[in-house]
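S.K.: Quick check, what structure comes out for this input:
(2 chains)
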Amino acid sequence: NAGVMQNPRHLVRRRGQEARLRCSPMKGHSHVYWYRQLPEEGLKFMVYLQKENIIDESGMPKERFSAEFPKEGPSILRIQQVVRGDSAAYFCASSPRPSGGNTIYFGEGSWLTVV
Amino acid sequence: TQLLEQSPQFLSIQEGENLTVYCNSSSVFSSLQWYRQEPGEGPVLLVTVVTGGEVKKLKRLTFQFGDARKDSSLHITAAQPGDTGLYLCAGARTGANNLFFGTGTRLTVIP
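M.R.: Next up is the predicted model:
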């Protein structure tokens, strides 16, 4: 039973380029969450999506960041015109139901380095 | 503002010692989870506690949820080098869509 799959695991981008991070949830899970972890910090919620819908994007920066979870295919976190401060680990998690009170399962993360 | 505060932030102990990590908040949570994260990997779920006062044991790890569901503790007995890692607590709140993560406790167990 495959877990949450994220790719790429490591990504290096120059300032101003675009970064696309992909997440395939566990089989049977229709709820996807993206979290960001800065060095030596805890995880910060970014966005919660169900298939084709953004449910809660209260943790997403207002500019340059977007997320989608299409009917077919993985969820995508897109960062346009990256800056050095975007360097972080980005974790995707999934659950079969909304996370309130329920367990969510994390992928192994995508490490973005902006040079 | 951090919703969940963990203490200590860093902990370095000798193999065989006991330790307790605390996760505190002024908010009530419907459930609380503990994760362990190793460098370069994602958080791995250790336990979920849902009832005030609940105690769960996982081999040498004992988890407790406070009676008022505002705090939790993780106690490790006879720590081993394999216990080294970042321990994160995360709380779920009724009506919220996401988990709120604590600040983390980085544990190092020295052989």
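
S.K.: my guess is B:Pro43 contacts A:Tyr105, does it?
M.R.: No: the criterion here is Cβ atoms under 8 Å, and B:Pro43 misses it with A:Tyr105 at 9.4 Å. All C-beta spots, glycine's among them, are computed from the backbone N, C-alpha and C.

S.K.: Between those two, which has more neighbouring residues?
M.R.: B:Pro43 (31 against 19; other Cβ atoms under 10 Å in any protein chain shown).

S.K.: give me the beta-bridge partners of the residue nearest in space to the middle of chain A?
M.R.: For chain A, the residue nearest the mean C-alpha position is A:Trp34 (3.5 Å; Cα atoms, centre = their mean). With DSSP bridges as the criterion, A:Trp34 is bridged to A:Val47, A:Cys92.

S.K.: who are the neighbours in contact with it?
M.R.: Neighbouring residues of A:Trp34 by Cβ atoms under 8 Å, 6 or more residues apart in numbering or on different chains: A:23, A:46-47, A:67, A:75, A:77, A:90-93.

S.K.: any idea which of those is closest to chain B?
M.R.: Within the contacts of A:Trp34, the smallest distance to chain B is 5.4 Å, found for A:Phe91 (Cβ to the nearest Cβ).

S.K.: Tell me where chain B has strands.
M.R.: Here chain B has its strands, by DSSP state E, at B:5-7, B:10-14, B:19-24, B:31-37, B:44-49, B:55-58, B:61-65, B:71-76, B:85-92, B:99-101, B:105-110.

S.K.: buried set for the third one?
M.R.: By neighbour count, with 16 or more other Cβ atoms under 10 Å in any protein chain shown as the criterion, the buried positions of strand B:19-24 are B:19, B:21-23.

S.K.: Between the contacts of A:Trp34, which sits nearest B:Leu99?
M.R.: Of all those, B:Leu99 sits closest to A:Ala93, with 8.2 Å by Cβ to Cβ.

S.K.: Was I right to think that closest one contacts A:Met26?
M.R.: No: A:Ala93 lies out of contact with A:Met26 (Cβ under 8 Å); the separation is 9.5 Å.

S.K.: Of those two, give the one with the bigger neighbour count.
M.R.: A:Ala93 (29 against 18).

S.K.: B:Ala68 and chain A: what is the separation?
M.R.: Computed as Cβ to the nearest Cβ, to the nearest Å, the B:Ala68 to chain A distance reads 17 Å.

S.K.: for that residue, what are its contacts?
M.R.: Contacts of B:Ala68 (Cβ under 8 Å, 6+ apart): B:28, B:52.

S.K.: swap in B:Lys70?
M.R.: B:24-29.

S.K.: Same question for B:Ser73.
M.R.: Applying Cβ under 8 Å, 6+ apart, the residues contacting B:Ser73 are B:20-23, B:63-64.

S.K.: Quick check, pLDDT for the closest residue to B:Thr77 other than its chain neighbours.
M.R.: Excluding the flanking residues, the one nearest B:Thr77 by Cβ to Cβ, 6 or more residues apart in numbering or on different chains is B:Arg60, at 4.6 Å. B:Arg60 is assigned 97 on the pLDDT scale.
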